[in-house]
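# A structural model of the following input is requested.
(2 chains)
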Amino acid sequence: MTIRRARPDRLQHFRPRMHCLKKLEAVVVEMQSGVKGSEQKLNVTTIPHVITGKDVIAWITNKMKSTTEESEAFGTMLVAYGYIYPLQNHRKLVMCNDSSLYRFQTPYFWPTQKWVAEDSDYAIYLAKRNIRKKGLLEPYEQAHYNHLHEWLNHKWDFIVMQATEQYKAGKERRKPDRVVFDCQERAYWIVNKPPRRTHSAMDSGLELLIDPNSDEKIPFDTYRRMNLFYQQAIMSSKVKSSVSLGALNKYVATYKNHDPFLAPCLPSNPWLTDNDSYWTLNMRQVEVPTKMRVERWSFSLFELLRDLRGRDDFKVFLKKEFSGENLAFWEAAEELKWGTASSMTSKAETIFKTFLVPGAPRWINIDGRTMGLTVKGLDHPHRYVLEAAQTHVFLLMKKDTFFRYLKSPVYKEIQKKALNPEAHNFSPAQLEHNAQNRSPGIHPLILWQLAEAEKAKAAAASVPVDVKALMSKLDRMK
Amino acid sequence: MGEMEELRKEMENLKDQITAARKTFQDSTLQEAAAGVTVVGRVQLKTRKTLRGHLAKIYAMHWGTDSTLCVSASQDGKLIVWDTITTNKVNAIPLKSSWVMTCAYAPSGNLVACGGLDNMCSIYNLKGKDGNVKVMRELAAHTGYLSCCRFLSDTEIITSSGDCTCVLWDIETGTQKTVFAGHQGDAMSLGVSPDFKYFISGACDFTAKLWDIREAECRQTFGGHESDINAIGFFPNGNAVITGSDDATCKLYDLRADQELLTYQDSSIMCGVTSLAPSKSGRLLLAGHDDFNVNIWDMLKAERVGVLAGHDNRVSCIGVSSDGMACCTGSWDSFLKIWN
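Residues are numbered from 1 along each chain as shown, chains lettered A, B, ... in the order given. From the prediction side, this is the model:
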């Protein structure tokens, strides 16, 4: 593990997300020799090495070959991290692409330095400011000051003494130097303790628990386990990268027209036109699906089964072929996998009686070994007891039934029937009208009721046809 | 101590063997394979909606499946379920602990979960009998903060934590079913495969691990990053993994070839990636960064094809809706924006 920063901790936790600081520093160092500074007069004092926003942005655009927008964002980032600070409007940490004045922050105050902005340092700074401004601090500074006074009360004499010393030392400097140092210090504290509504990049959020800089004492046991893992990893079967790359390419190409970011969707994208017809046409229960939807079903069995409307169509095909038990078993296994733990035993029993017992009404044809394993597992049913059988059935469907479905008249018919809605062509006035009359959509309660009704219907329909009872009934009728 | 040294040497040896084995399987690069693919061109997405209502930094958001609803969590102590198309707030759930770092929406749409510095994952039932949203379960056993959680169903949820472990919970009983230990740094994010059989986790030890949920073990480990992995996600076909890290790069790893296929980096991007999401076809990768922007990458050509600039502070979370129609970004400036 590489050591990221040699920062003495001083009781402060490891701070995340500062990996970019080294790269930023390199850019700033280059910039310092690239951008020309000049002397500017600011409130009576002349300040040296002042740069303008537009010079900085021009340099960035030139160096990074990026657009003005991106350079502005990059410039703002440098200000937000505290490498450059604004002279006017010091509370807004943004880089403006005009003649606003900035200065490079002295390396002493750069965020990469070896100390963190500690509270006692901040207290000393505020106390110093207090002395200078004779008690007139900004409201947020006053709030911080009061809070620190309470919390660091035990050190307060020391803090006030330090502040007075620094103030006296400051007074002995020449005025321009003092003004510059004050600006720099103020900028540093604005970045590290930002006032409300100032976005500073030093605000790094919550801190990590494990410090990757610490010396890890990996125990003996862990080494052994890791070695075992690596040995297994070497022996695991791998695929050539060209195969995976080919697969990725194929996937992306197949779905290209179905990606709303890349291809327009018919009739219109509801986000753009505020017209819900796309969603109504593609609802779960719709009689006639859209052409794009039907096309997606042909991509893979997984897609077909995932879209419940597609699953319905597949069921119609399977009924014609009298081979619906595979899909019914797969669905029952899914329900078992994701259902509540309490229902597991009863579900397992029903599945056993319906699909697995020899002579069962919807007996599935799986190989002897899997059947043996599954039946044994059903003695102590758990969530994944049907996993082997379910995978076997899925592969059966994928390799055989799925392709027959795609060539079947059922699928061809639904392809013909599928809708290809006309693209909407709304005028700006119509778009306005759409935005104002946006329908609230179907109430989720109604959708839930529809779903429940459908589940009940499916349960009633899937009650296995007891052939013997039916035959005996027919006999009796004769 | 001699034994430790031996084991350490053996480990280094094995790691070298793995690297060598991976190289032999690397007979092509994505550049070559994707050479014939047409260029995507500049992708420009615009903000369609801005969801206002949070009062503090937004740390996480998650879309619901098959709907325009999404949930977002913010450090003002609120979990808000939004109807994104109308920008109405469907539910505003007050949390016991305001230090929330993650939230998740169940695939059924009945539950939402959140967690953070309280080391617990709280599950809320949205479809309660009297219409009130109440805490259904509090899953407490982690010894570190909760960095990410994802539902497998209404009865199971996976969480990743700062104590370097990921845990599979049984929601009904509120107990841990499996503990996935193996990372050596805070586990920062996780993603579940489309067939719900595997999940991946990215951690601060610079590696990503693929775990088999049923067998409860780590199948593969992917390294290569130079800094913490903050964001992770599956490629839509479930055979590849995308990771985003503090070193400002995103990497694409293939599960079957067991190696890194591509790195998405640019010298002008210096800030770490905080979150990522692939588009529905997998052609585009949207990555949110610390420099307040979202970069859009062409996944096959490894080129930047767009930027979403509009937030005033770090983009902390990003998600693409399940039908692929819109992408939502949440930021520390307390706004969520929907782009299209």
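
# for the lengthiest strand in chain A, packing partners?
Counting residues, the longest strand in chain A under DSSP state E turns out to be strand A:45-52. Contact partners of strand A:45-52 among helices and strands, from 3 or more C-beta pairs under 8 Å, 6 or more residues apart in numbering or on different chains; DSSP states H and E: strand A:38-42, strand A:101-104, helix A:175-192. Using the backbone N, CA and C atoms, a C-beta is placed for each residue, glycine as well.

# and the last one, C-alpha only, in CSV?
Extracted C-alpha coordinates of helix A:175-192, given in CSV (Å, rounded to 0.1, in the frame of the first residue of the first chain):
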residue,chain,number,x,y,z
LYS,A,175,2.3,48.3,5.9
PRO,A,176,2.3,46.6,2.4
ASP,A,177,3.7,43.4,3.9
ARG,A,178,1.2,43.5,6.7
VAL,A,179,-1.7,44.0,4.4
VAL,A,180,-0.5,41.1,2.2
PHE,A,181,0.0,38.8,5.2
ASP,A,182,-3.4,39.7,6.6
CYS,A,183,-5.1,39.0,3.2
GLN,A,184,-3.3,35.6,3.0
GLU,A,185,-4.2,34.6,6.5
ARG,A,186,-7.8,35.7,6.0
ALA,A,187,-8.0,33.7,2.8
TYR,A,188,-6.6,30.6,4.5
TRP,A,189,-9.3,30.7,7.2
ILE,A,190,-12.1,31.4,4.8
VAL,A,191,-11.2,28.2,2.9
ASN,A,192,-10.8,26.2,6.1
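
# A:G53 and A:T45, how far apart?
Counting by C-beta to C-beta, to the nearest Å, the separation of A:G53 from A:T45 is 21 Å.

# give me the more crowded residue out of these two.
Neighbours were counted for A:G53 and for A:T45 using other C-beta atoms under 10 Å in any protein chain shown; A:G53 has more, 22 against 13.

# who touches the helix or strand where B:L252 lies?
Using DSSP states H and E, the element containing B:L252 is strand B:250-254. Contact with strand B:250-254 is made by A:239, A:241, A:244-245, A:248, B:30, B:208, B:222, B:224-225, B:235, B:239-245, B:259-265, B:273, B:276, B:285, B:287, B:297, B:299, as judged by C-beta atoms under 8 Å, 6 or more residues apart in numbering or on different chains.

# tell me the first helix or strand C-terminal of the helix or strand containing B:I123.
Per DSSP H and E: B:I123 is located in strand B:120-125. As assigned by DSSP H and E, the chain's next helix or strand after strand B:120-125 is strand B:134-140.

# elements contacting the element among helices and strands of chain B having the smallest mean pLDDT?
Between all helices and strands in chain B, the lowest mean by mean pLDDT, DSSP states H and E belongs to helix B:30-33, at a mean of 71. Applying 3+ C-beta pairs under 8 Å, 6+ apart, one finds that helix B:30-33 contacts helix A:241-254.

# helices or strands up against whatever helix or strand comes next after the helix it packs on?
Note on helix A:241-254: by DSSP H and E, the next helix or strand toward the C-terminus is helix A:270-273. Counting contacts by 3+ C-beta pairs under 8 Å, 6+ apart, helix A:270-273 is packed against helix A:277-281, strand B:47-51.

# is the last one in proximity to chain A?
So that's strand B:47-51. Yes. Contact of strand B:47-51 with chain A (C-beta under 8 Å from any C-beta of the partner chain) involves B:R48, B:K49.

# report the buried residues of the host helix or strand of A:E295.
Here A:E295 sits within helix A:291-297, counting by DSSP H and E. In terms of neighbour count (16 or more other C-beta atoms under 10 Å in any protein chain shown), helix A:291-297 has its buried residues at A:K291, A:M292, A:R293, A:V294, A:E295, A:R296, A:W297.

# identify the residues contacting the helix or strand just after that helix?
Per DSSP H and E, the first helix or strand lying C-terminal to helix A:291-297 is helix A:301-306. Residues outside helix A:301-306 that contact it (C-beta under 8 Å, 6+ apart): A:296-298, A:310-311, A:314, A:330, A:394, A:397-398, A:402, A:405, B:194-195.
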